[in-house]
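Undergrad: Sharing a model prediction with you, sequence too.
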Amino acid sequence: MTMENVLRRLIDGGGSARAASVGRGGAQGNALGGALARAAQETIGLPVVPRMARIDRLDREALIGEIDPAALLVGIGPPGRVTGLAAIEPQLRCAVVETQTLGAPRAAPAQAGEITGTEAAMMAPLLQGLLIRLAQLDDGPQQAALAPGPRLGDARAAGLILPEGGFAVHRFSMEIRPGSGREGALMLALALPPAVPQAPEAAVWKMALRETVLQAPADLTAILHRMRLPAHEVEAFEPGQRLMLPGVSLSAIDLEDGGGRAVAKVRLGQFAGLRAVRLAQPEAASDALAEGVREIPARPARRGD
């Protein structure tokens, strides 16, 4: 049966309970099953018809407890790391080996022998193809950066190497070589990204308030000088008249907010041809500098000075 016929059975159903059961996971189940069927056919030429495909969320302890002792375990993760695993039950494991050595899987169930490292290596193309196609579905973790890794001895060894946290557990059951009645299963567990801690509601409100306040306009006024004059002198002001500002220093001008509160000391100057002010050194620092200058001992006078 060609891959086109396999996919047609998945889509049309043909009234068979086997094809319809893929839909138990809804659209997601159909997409997952299709990804598995394409990966098996296009990577190693293994024809399968998915019967069930779904994703569960499990923690590490629950995941380890569900591993079949007879399954071949292959580590999954980015280069140099193991963050997940694939558990391949015996019939699928044998079918993968048969396809790559005999050209096609047997119709009858095989007698599974002892698991070997060669079998783990022969699973790599199928697993890599499945990871790529799952990444194309944009569902769950970023599988595109993952790849099959080393064989894991057993569930205990897997529990020691897998990270803590949650896992997206992809479960697949399938018919190997459609029409044969030979059943296989695969479990693919991929680590979920760590959950981003949610800020408390009060903190969110406080942050939003702060951002709103900081976006509000602020009026600042540079005060050159303040003085009191009799009313009759103010009434006598004329255009062009000059006022004396005794004691005014252009290097110590007060910068005030809209409520008249002093914000900083500034120095009057120019920038790009326009009047501007520059923040002056804080008074505390200036006082400390002056104090330091006073503490420098005078150099003793010498003859000839």
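TA: That came through fine. Note that this is a predicted model, so its numbers are computed, not measured.
Undergrad: Please pull up the helix or strand immediately following the helix or strand of the chain with the lowest mean pLDDT.
TA: Averaged element by element with mean pLDDT, DSSP states H and E, the chain has its least confident helix or strand at helix 17-20 (a mean of 33). Moving toward the C-terminus from helix 17-20, the next helix or strand (DSSP states H and E) is helix 26-44.
Undergrad: which parts of stretch 170-177 are buried?
TA: 170-177 (16 or more other C-beta atoms under 10 Å). The C-beta positions use only the backbone N, C-alpha and C, and glycine is treated the same way.
Undergrad: Oh, that last question was meant for stretch 68-86, not what I typed.
TA: Using 16+ other C-beta under 10 Å as the test for burial, stretch 68-86 gives 71-77, 82-86.
Undergrad: could you dump those to a markdown table with secondary structure?
TA: What follows is those, written out as a markdown table (DSSP: H, G, I helix; E, B strand; the rest coil):
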| residue | secondary structure |
| --- | --- |
| 71 | coil |
| 72 | strand |
| 73 | strand |
| 74 | strand |
| 75 | strand |
| 76 | strand |
| 77 | strand |
| 82 | coil |
| 83 | coil |
| 84 | strand |
| 85 | strand |
| 86 | strand |
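Undergrad: could you dump those residues to TSV with pLDDT and distance to residue 53?
TA: Conversion of these to TSV gives the following (pLDDT from 0 to 100; distance: C-beta to C-beta, whole Å):
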residue	pLDDT	distance to residue 53
71	96	17
72	97	20
73	97	20
74	97	19
75	96	22
76	96	17
77	94	22
82	95	24
83	95	22
84	96	17
85	97	18
86	97	14
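Undergrad: Closest to residue 213 out of these?
TA: Residue 213 lies nearest to residue 83 out of the buried residues of stretch 68-86, by C-beta to C-beta, at 43.5 Å.
Undergrad: How much space separates the closest one from residue 129?
TA: With distances taken as C-beta to C-beta, to the nearest Å, residue 83 is found 19 Å from residue 129.
Undergrad: low pLDDT regions in this structure?
TA: Screening the chain residue by residue with the criterion pLDDT under 70, one finds the ranges 1-25, 138-144, 198-199, 247, 250, 280-305.
Undergrad: which residues in it form helices?
TA: Counting by DSSP state H, the segments of the chain that form helices are 3-12, 17-20, 26-44, 60-65, 90-102, 117-136, 155-161, 201-214, 231-235, 283-295.
Undergrad: Run the angle between the third one and helix 117-136 for me.
TA: If you take axes from the mean of the first three to the mean of the last three C-alpha atoms, to 10 degrees, helix 26-44 sits at 130 degrees to helix 117-136.
Undergrad: Report the inter-axis angle for helix 26-44 versus helix 90-102.
TA: Helix 26-44 and helix 90-102 are oriented at 30 degrees to each other (the same axes, to 10 degrees).
Undergrad: about what we covered before: tell me which of the helices of the chain sits nearest to residue 249.
TA: Nearest of the helices of the chain to residue 249, taken as C-beta to C-beta: helix 283-295 at 12.7 Å.
Undergrad: now the end-to-end length of stretch 62-76.
TA: End-to-end distance of stretch 62-76: 18 Å, with C-alpha to C-alpha, to the nearest Å as the criterion.
Undergrad: residues contacting residue 76?
TA: Under the criterion of C-beta atoms under 8 Å, 6 or more residues apart in numbering, the contact partners of residue 76 comprise 82-86, 127, 131, 146-149, 188-190.
Undergrad: Need phi/psi at the nearest residue to residue 107 once chain neighbours are set aside.
TA: Of all residues beyond its chain neighbours, the one nearest residue 107 is residue 180 (4.1 Å), with distances taken as C-beta to C-beta, 6 or more residues apart in numbering. With angles defined as degrees, to the nearest 10, residue 180 shows backbone torsions of phi -80, psi -20.
Undergrad: Would you agree residue 180 is in contact with residue 108?
TA: Yes - Residue 180 is within contact range of residue 108, at 7.4 Å (criterion: C-beta atoms under 8 Å).
Undergrad: in stretch 182-201, what's buried?
TA: Burial within stretch 182-201, assessed by neighbour count using 16+ other C-beta under 10 Å, is assigned to 182, 184-192.
Undergrad: Distance check, the nearest residue to residue 158 once chain neighbours are set aside against residue 65.
TA: The spatial neighbour of residue 158 that comes closest, neighbours along the chain excluded (C-beta to C-beta, 6+ apart), is residue 152 at 4.8 Å. To residue 65, residue 152 is 15 Å away according to C-beta to C-beta.
Undergrad: More neighbours: those two, which one.
TA: For the pair residue 152 and residue 65, the greater number of neighbours falls to residue 152 (24 against 10), based on other C-beta atoms under 10 Å.
Undergrad: what's that one in contact with, if anything?
TA: The neighbourhood of residue 152, defined by C-beta under 8 Å, 6+ apart, consists of 73-75, 82, 85, 158, 161.
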